[in-house]
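Trainee: got a structure for you, letters missing:
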Ligand SMILES: [Fe+2]
């Protein structure tokens, strides 16, 4: 078995609905960049889209946050057929420990544990990061509030089960890297800075932390930790594993540093079912090895 990902055949695992059951015309407009409004949040029938910013500046005009282009959707729990089909499928398909308890409480009561990522470009090197530390989980849980609705929620998932909705199924790749101790220390310190700032913040959306205020090369924010200056960390990473193509569903270790190359550069849309925060990657692989991960 690969170290950082688990692949399934389309016979073993597939979504119980098509992209056209999920997307309305409005969703397609947004995904293909034809929605030119400035709204940050776009509500459609089944999804709330949050458009990624390319940067965000503070009141002094300093750029404090960089994220890749694209959009991220959260799958809404609706009193409709699609939601019923979805939940029945989740419960019939995955081990009960898998079933996500993400996005519960606070603002999140009406979301399924699903994120839908839209990319038009390669991702930066990042981790999401698969948090299983009991203290951090407790801290996040006790900070769920209305005014802090955007926070490190999905960082607590060790993995996601990825289904391709749109994009290159042959030429896209994901690279996984081993990193030096020095880089790992930097990641942990920056992540801690982020949690400290987020816990104290009144709002939640634009909280972010960088490793070095004067020469930032690494950043932590709501959903992930990422490199913002490749050159600074290039010598600290060794690519250890590459997943080629996206012809069938797979899970990946979100807690390891990885980078997605979108292949032919067309729009890539991935439906990601998140694991529950109680499962770590080692246990997920054990479940897979003993044949109990899927029912
Ligand atoms: Fe990722």
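Mentor: Nice, I can see it. Worth saying up front: this structure is predicted, and the values here are computed from it rather than measured. Residues are numbered from 1 along each chain as shown.
Trainee: how many neighbours does the closest residue to residue 168 other than its chain neighbours have?
Mentor: Residue nearest to residue 168 in three dimensions, not counting chain neighbours: residue 263, with 3.4 Å by CB to CB, 6 or more residues apart in numbering. C-beta: built from backbone N, CA, C; applies to glycine. The number of residues packed near residue 263 is 18, by other CB atoms under 10 Å.
Trainee: one more: residue 29?
Mentor: When neighbours are counted by other CB under 10 Å, residue 29 comes out with 16.
Trainee: and if you look at residue 70?
Mentor: 19.
Trainee: thinking again about what came up before, my read: the residue nearest to residue 168 touches residue 174, true?
Mentor: No - assessed by CB atoms under 8 Å, residue 263 is found out of contact with residue 174, at 10.8 Å.
Trainee: ranges for the strands of the stretch 51-200 of the chain?
Mentor: Using DSSP state E, counting those that start in this stretch, the strands of the stretch 51-200 of the chain run over 55-57, 63-66, 71-76, 111-119, 126-127, 159-166, 173-179.
Trainee: and the longest one, which strands flank it?
Mentor: Its sheet considered, strand 111-119 pairs with strand 71-76 (antiparallel), strand 268-274 (antiparallel) by DSSP bridges.
Trainee: tell me which of these sits nearest to residue 209.
Mentor: strand 71-76 (20.0 Å; CB to CB).
Trainee: now do the closest one: everything it contacts.
Mentor: 27, 30-31, 42, 46-52, 83, 86, 103, 110-112, 114-118, 223, 271 (CB atoms under 8 Å, 6 or more residues apart in numbering).
Trainee: now swap in stretch 163-172 and tell me
Mentor: So stretch 163-172 is contacted by 14-15, 19, 22-23, 31, 116, 119, 245-247, 249, 260-264, 266-273 (CB under 8 Å, 6+ apart).
Trainee: just list whatever residues bridge to residue 162.
Mentor: Beta bridges link residue 162 to residue 250, residue 272 when assigned by DSSP bridges.
Trainee: burial measure for residue 279, as a count.
Mentor: Residues lying near residue 279 (other CB under 10 Å) number 21.
Trainee: mind checking how far it is from residue 287?
Mentor: For residue 279, the distance to residue 287 (CB to CB, to the nearest Å) stands at 8 Å.
Trainee: do the same with residue 11
Mentor: Going from residue 11 to residue 287 by CB to CB gives 19 Å.
Trainee: next one: residue 140
Mentor: 24 Å.
Trainee: residue 48 contacts residue 40, doesn't it?
Mentor: No - applying CB under 8 Å as the test, residue 48 and residue 40 come out as separate, 10.7 Å apart.
Trainee: residues in contact with residue 86?
Mentor: Residue 86 makes contact with 16, 17, 75, 112, according to CB under 8 Å, 6+ apart.
Trainee: quick one: the second one from residue 246, how far?
Mentor: Looking back up the chat, that one is residue 17. From residue 17 to residue 246 the distance is 19 Å (CB to CB).
Trainee: higher neighbour count, those two?
Mentor: residue 246 (24 against 15).
Trainee: count the neighbours of residue 294 for me.
Mentor: Using other CB under 10 Å, residue 294 has 15 other residues around it.
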